[in-house]
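A.B. asks: coordinates for the following, if possible.
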Amino acid sequence: MKEKMTVDNRTALRRKIEELKRQKRAVILAHYYTTPDVQQVADFLGDSLALSVQAQQVDADIILFAGVHFMAETAKVLCPDKKVLIPCPEAGCSLAESCDAAEFAAFKARYPGYKVVSYVNTTVGVKALTDICCTSSNALKVVESLPADQPLIFAPDRNLGSYIQKLTGRRNMVLWNGACHVHEEFSLEKLLALKREHPAARVVAHPECRAYILEAADYVGSTAGILDYCGRSDAQEFIVVTEAGILAEMQRRYPDKHFIPAPPDDETCACNNCKYMKMVTLENIAECLEHESPEIELDEEVRRAAERSIRNMIAIR
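C.D. replies: Residues are numbered from 1 along each chain as shown. So this is what the prediction gives:
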């Protein structure tokens, strides 16, 4: 009986959300790392780059961002005339929080003449200090768009920065020492054990993982890149080394293929989840739409500086 009530409650919440979207001319943007329930009510589902582009194109009065705080900030930067809502403002990001804007400004001042490339997984304050943003989808293109003799600061993810440095052979890159708690915690020992158990499986990994994890992968790419690779590949089985929320979209797109989440070092977990992404729920989405709050509000001077770095990124895409 309890299970039936849970299903009924979810159905009622989905209907309420759809009705509120119609009443308020609202759209929901959701990241692949949110729960399957949240993904089902999204109008647009994607990775950071796709959602950044989509935010500019939506025909709506309200954008509700089902994701973490920096993503909703990015939508507001690009859509200053729209009301941008975030259902759970406490949903932060360990990577964004590893790079404080004031500390980064002091770090940047130590390297005059350096251009700054920052991952979109940063606060609006860091984006305002940045020359050009990037995502894991286009970080290589962004870095290669700058002259080879131009020294760079790459922030905040040391793993993604090291990976791009390896691909380009670029020696004039200084890396900020930040990381994503999800991608830092994958276990190489457990990954190699899974490979032995599933010898035909391909390993797909996100470049925010540590270098020794990437060396064990058959494919390294963004969430969107991983999804595309799994569709193109002849393999029927994949070990997935990124946040486990992506498995819902993988299984929806490729129901005949088998996806195995790579485990972290934590002995209690069989997969690796972002606790912040999982803070977004049907309940807080419905409440947020109903009250049109919490709303993202930004200082206009900071917003404009951040917008320049984001639009520089989108132009390269």
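A.B. asks: what would stretch 213-229 look like as PDB? C-alpha coordinates only.
C.D. replies: As requested, the backbone C-alpha atoms of stretch 213-229 are provided in PDB (Å, rounded to 0.1, in the frame of the first residue of the first chain):
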ATOM      1  CA  ILE A 213      41.300   6.500 -13.900                       C
ATOM      2  CA  LEU A 214      41.400   8.200 -17.300                       C
ATOM      3  CA  GLU A 215      44.300   5.900 -18.300                       C
ATOM      4  CA  ALA A 216      42.100   2.900 -17.700                       C
ATOM      5  CA  ALA A 217      39.300   4.300 -19.900                       C
ATOM      6  CA  ASP A 218      38.400   3.400 -23.500                       C
ATOM      7  CA  TYR A 219      36.700   6.800 -23.900                       C
ATOM      8  CA  VAL A 220      37.100  10.100 -22.100                       C
ATOM      9  CA  GLY A 221      34.500  12.800 -22.500                       C
ATOM     10  CA  SER A 222      31.700  15.000 -21.200                       C
ATOM     11  CA  THR A 223      28.400  13.600 -20.200                       C
ATOM     12  CA  ALA A 224      27.000  14.400 -23.700                       C
ATOM     13  CA  GLY A 225      30.100  12.900 -25.300                       C
ATOM     14  CA  ILE A 226      29.800   9.700 -23.200                       C
ATOM     15  CA  LEU A 227      26.100   9.400 -24.200                       C
ATOM     16  CA  ASP A 228      27.000   9.800 -27.900                       C
ATOM     17  CA  TYR A 229      29.900   7.300 -27.700                       C
END
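A.B. asks: residues making contact with it?
C.D. replies: When contacts are taken as Cβ atoms under 8 Å, 6 or more residues apart in numbering, the neighbours of stretch 213-229 outside the stretch itself are 32-33, 46-47, 49-50, 135-137, 163, 186, 188, 191-192, 195, 202-207, 209, 233, 240-243, 246, 249-250, 253. The C-beta positions use only the backbone N, C-alpha and C, and glycine is treated the same way.
A.B. asks: so Ser118: helix, strand or coil?
C.D. replies: Look at Ser118: counting by DSSP: H, G, I helix; E, B strand; the rest coil, its state is strand.
A.B. asks: what's the closest non-adjacent residue to it?
C.D. replies: If you skip the residues right next to it in sequence, Ser118 has Thr130 as its closest partner in space, 4.0 Å away by Cβ to Cβ, 6 or more residues apart in numbering.
A.B. asks: tell me the SS of the one you found?
C.D. replies: Recorded secondary structure, Thr130: coil (three-state DSSP).
A.B. asks: that one and Tyr114 touch, don't they?
C.D. replies: No. Because the distance of 11.5 Å does not satisfy Cβ atoms under 8 Å, Thr130 is recorded as not touching Tyr114.
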